[in-house]
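1. can you look at this prediction? I've put the sequence above it.
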Amino acid sequence: MADGINPKHTDKRTAERYQRGGQVEEDAFKKHLADLPDVADKGVPIETQMDGDIMDDLDDEDDDLDEEDDDAEDGDDDAEDSDEDKAAE
């Protein structure tokens, strides 16, 4: 690279850490970003298709939520029973 920035230091996910650590100057990084070419016109739309019935997947999520509600209710009953047991003693 012409500005001397190591390519690993330009990764969007780690660039801030390298700047804080002093491995890359903020001005050099901003210049690097400004010098990048605009490639938006090279993008192409992508179409995807899902196999199977999506409603089956959604139904499973509802079942999972119902099971969690049942588990929570069971835990509440146990707590009430133990309070009653303690009072009886």
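-> Yep, that arrived.
2. next, the distance between the ends of stretch 40-51.
-> Its first and final residues considered, stretch 40-51 spans 30 Å by C-alpha to C-alpha, to the nearest Å.
3. for that stretch, what is the average pLDDT?
-> Averaged across stretch 40-51, the pLDDT comes to 90.
4. in that stretch, what's buried?
-> Residues of stretch 40-51 include none that count as buried (16 or more other C-beta atoms under 10 Å). Using the backbone N, CA and C atoms, a C-beta is placed for each residue, glycine as well.
5. repeat for stretch 25-43
-> 28, 29, 32.
6. going by secondary structure, the last one is in what exactly?
-> Taking DSSP states H and E as the criterion, residue 32 maps to helix 26-35.
7. which helices and strands sit right next to that helix?
-> Judged by 3 or more C-beta pairs under 8 Å, 6 or more residues apart in numbering; DSSP states H and E, the packing partners of helix 26-35 are helix 15-20.
8. which strands or helices does the helix it packs on pack on?
-> For helix 15-20, the helices and strands in contact under the criterion 3+ C-beta pairs under 8 Å, 6+ apart are helix 26-35.
9. dump the residue contacts of residue 25.
-> Residue 25 sits next to residue 19 when contact means C-beta atoms under 8 Å, 6 or more residues apart in numbering.
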